[in-house]
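In: Got a predicted structure here, sequence first:
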Protein chains: 2
Amino acid sequence: MRPTVIDIAREAGVSLATVDRVLNARPGVRDKTIRAVNEAIVKLGYVRDLTAANLARGRSYRVAVLLPDTESQFIQSLADALTEAGSAAATSRTELKLHRFPAEDPHALAAVLSTLPDRDTVGVALMAPETPVVRDAVRSLRAKGIPVVALVSDLPNADHFVGIDNRAAGRTAGVMMGRFLGGGPGQVMVLGQSLLARDMIERRRGFDEVMQRDFPGLEVLQSLETHGSPATMRQVVAEMLANAPHVRGIYAMGGGSRTLTQTLDDMGLSGKLTVICHELTPHVRTALERGSITAVITQNTGHLARSTLRVLRAKADNQPLDEGQEQIRIEIVLRENIPPLPDSTRPSLDDKVA
Amino acid sequence: MRPTVIDIAREAGVSLATVDRVLNARPGVRDKTIRAVNEAIVKLGYVRDLTAANLARGRSYRVAVLLPDTESQFIQSLADALTEAGSAAATSRTELKLHRFPAEDPHALAAVLSTLPDRDTVGVALMAPETPVVRDAVRSLRAKGIPVVALVSDLPNADHFVGIDNRAAGRTAGVMMGRFLGGGPGQVMVLGQSLLARDMIERRRGFDEVMQRDFPGLEVLQSLETHGSPATMRQVVAEMLANAPHVRGIYAMGGGSRTLTQTLDDMGLSGKLTVICHELTPHVRTALERGSITAVITQNTGHLARSTLRVLRAKADNQPLDEGQEQIRIEIVLRENIPPLPDSTRPSLDDKVA
DNA sequence: CGGAAAATGAGGTACGTTCCTCAAAATTTC
DNA sequence: GAAATTTTGAGGAACGTACCTCATTTTCCG
């Protein structure tokens, strides 16, 4: 059997109360006694049973996640993943509340944030651009002792960032583009919804870095902003393709992949260009299968969601993180390694619904 | 507050004992009563507190993992990951025992397996080739109600497989090779330690599939077996390169990447060929950075380890799996997206060691 | 309708920890 | 060495669930 606090008390020759004081760093214990207890802990290899501890503490983790209400498949998929991770975590005293806020209204966001402390929320995850309002709201939460996690797009004053290294993601897109085009010659188009968000800037920087250094034979054209509007996208792409006769690749840094592939389809260019984009949404999946998108740089929303919960819980408990586990991978998806949609086919030992 | 069994009892108008019988599927309750309880559960949104349940059950998960004692960096990294995952899981009543067995001696393996039931092990994970001895051992464990998980290389009679889809991995390697070589012309060499293990066979199959279908301009040479011996590897590669003048790419399906890059270095070919291999070991990492390996298809050992534990626990509890989470990704690593080695740099709310 | 069988209730103990109170012992201070 | 202070001990209640026993009620069957 695993040793319990009682074993520690016996081994250290002290009472249970004292062991408890040491374990929970409560005052009123002599150094000498603390040492004795710690030695017993080491000697017996005691490991605190967190499930029992949480039960006794009556601790439960109320966590809030705030996402913009943009109608993007990626955000939708992230929201779904969060909801699922939340309900899976319900069995372990964790409760996740998902809020959506109007993307263009930072004040609405701030308003939601300010109500959280009342409902004893132990942590907040936030996907939002870095505006002064957001920055202040984050600061104020942290001042109240509530940890804040930045989701997908980093916020420098958050406690932790859950998402990929976007600079590296841009570099990865760069190598793929460069190698797939055989190093040149040719031109490459770069598209982005908005060139202001931190993640876009970093992707572009990483992409350029690699293209300049490793593929000087390829000319990277100026970034085009599409503002999330299908019409703009269509117009901008058509114009560019008309003016730049040697375009062989397109790097779509974020969003709008649906409109992009449709535009290319309409122009009869589908499959003729090397197209690299971000986020493996359902639509991008089929585009990959059809061959109208060549490669996708993506981050797994399930992983993002679970990591968010784990990190918030760890922060709430002031426990260290398993950095390796929280490192969100930059995944490269080609037609040949599209992750299968989950479905289980294995026989089980026993099929009763427990 | 979250509803508890007591609330359910009150709501359903039955006693606590009855609720308990329903929750734990014990006999002696009328259908009508079962229905009433379940309605109360739904109505109040009751979620069983697993931490309390496990505590009450006195349940603890003793899990055994068996790895061959091969001195491969991949296996070493897997062993490390398992040990780490094991100690992280210790706080939640899980105990992992790691066994190593002589790779060429299936009987030693069987011997270890047969001792496990005595020590009330609730599940076993196993990385081993599919021999008759192993097959029987697995069958016998399952007959005793102990779930068995196949690690890295699949065993058809296991309860679950933790690892990547090796056929898809081979296909992925194929597309990368094909595209990086611009579709041809040229020759591609394929190396494997042993062409008998299930994972190797599947990788080869996937690779060929893609090469034949999508890159007919590239000639894939016959697979070469290296048997894990550096000398053989060296000889085989040298011979092949001498006989096949148009080799532009090498696909190393498993193991021996260290010897391979060294051989290429010695021959002055480093960086001149497109080399794709498997598993991001420390050595492969540096080879990627130096440019002597072009791309790596890998599976994350941390993920493998954690998934193994989660799956075994779920199987032991007869609970459903989160298929999405247990899906091990086929990761593509290039020089530009090498995952950073973990190190934390964020400021924390508070630095005390809790 | 009576008796047997099945279903339910009441109550208790246990899991390993937290956190509390109050008393007793040890140590420090003057 | 007595008083003040600090440290320690003993014990108990609680967290939410599991699982046990024994008594009581309800239902079923002939």
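Out: Looks like it came in fine.
In: Please count neighbours and contacts with C-alpha atoms only from this point.
Out: Will do.
In: And for the residue of the stretch 201-350 of chain A found nearest chain B, the neighbour number?
Out: Using CA to the nearest CA, the closest approach of the stretch 201-350 of chain A to chain B is made by A:E336 at 5.2 Å. Here the number of neighbours of A:E336 (other CA atoms under 10 Å in any protein chain shown) works out to 20.
In: show me the contacts for it.
Out: Residues near A:E336 by CA atoms under 8 Å, 6 or more residues apart in numbering or on different chains: B:168, B:171-172, B:175.
In: for A:R205, same thing?
Out: By CA under 8 Å, 6+ apart, the contact list for A:R205 reads A:167, A:170.
In: coming back round to it: what kind of secondary structure is the residue of the stretch 201-350 of chain A closest to chain B in?
Out: When classified by DSSP: H, G, I helix; E, B strand; the rest coil, A:E336 comes out as helix.
In: Could you do A:G254 as well?
Out: Under three-state DSSP, A:G254 falls in the coil class.
In: ranges for the strands of the stretch 151-300 of chain A?
Out: For the stretch 151-300 of chain A, the strands defined by DSSP state E, counting those that start in this stretch occupy A:160-162, A:186-192, A:218-225, A:247-252, A:274-278, A:295-298.
In: Run through who's touching the shortest one.
Out: It refers to strand A:160-162. A:148-155, A:304, A:307-308, A:311, A:326-328, B:346.
In: can we see that at 10 Å?
Out: Outside strand A:160-162, the residues that touch it by CA atoms under 10 Å, 6 or more residues apart in numbering or on different chains are A:125-127, A:147-155, A:303-305, A:307-308, A:311-312, A:315, A:326-328, B:345-348.
In: And the residue of chain A positioned farthest from its centre, how close does it get to DNA strand D?
Out: Here the centre of chain A is the reference, and by CA atoms, centre = their mean the most remote residue is A:G13, at 48.1 Å. For A:G13, the distance to DNA strand D (CA to the nearest atom of the strand, to the nearest Å) stands at 6 Å.
In: mind checking pLDDT for that residue?
Out: What the model reports as pLDDT for A:G13 is 91.
In: Helix, strand, or coil at A:E84?
Out: helix.
In: List the contacts of it.
Out: For A:E84, the contact set (CA under 10 Å, 6+ apart) comprises A:78, A:90, A:96, A:302, A:305-306, B:322.
In: Among those, which ones lie close to DNA strand D?
Out: Near DNA strand D, judged by CA under 7 Å from any atom of the strand, there are no entries from these.
In: Among those residues, which one has the most neighbours?
Out: A:A305 (25 neighbours).
In: elements contacting the helix or strand in which it is found?
Out: For A:A305, the element it lies in under DSSP states H and E is helix A:301-316. Under the contact definition 3 or more CA pairs under 10 Å, 6 or more residues apart in numbering or on different chains; DSSP states H and E, helix A:301-316 sits against strand A:61-68, helix A:73-89, strand A:94-101, strand A:123-126, strand A:148-151, strand A:160-162, helix A:323-326, helix B:323-326.
In: Throw the strands of the stretch 151-300 of chain A into CSV and include mean neighbour count, distance to A:E71 and mean pLDDT, thanks.
Out: Formatted as CSV, these follow (neighbours: other CA atoms under 10 Å in any protein chain shown; distance: least, CA to CA, whole Å; pLDDT from 0 to 100):
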stretch, mean neighbour count, distance to A:E71, mean pLDDT
strand A:160-162, 24, 21, 96
strand A:186-192, 22, 16, 91
strand A:218-225, 17, 18, 87
strand A:247-252, 22, 18, 93
strand A:274-278, 24, 16, 95
strand A:295-298, 22, 18, 94
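In: quick one, which of the ones you listed is nearest to DNA strand C?
Out: Among those, strand A:160-162 comes nearest to DNA strand C, with 25.6 Å by CA to the nearest atom of the strand.
In: Relative to the closest one, what are the paired strands and their orientations?
Out: Strand A:160-162 has the following strand partners under DSSP bridges: strand A:148-151 (parallel).
In: Might you quantify the distance of the partner strand from its chain's geometric centre?
Out: Distance of strand A:148-151 from the chain centroid (CA atoms, centre = their mean, to the nearest Å) equals 9 Å.
In: Tell me which residues of that strand come out buried.
Out: A:148-151 (16 or more other CA atoms under 10 Å in any protein chain shown).
In: which other residues reach it?
Out: By CA under 10 Å, 6+ apart, the surrounding residues in contact with strand A:148-151 are A:64-67, A:122-129, A:138-139, A:141-142, A:155-164, A:304-305, A:308-309, A:311-312, A:315, B:349.
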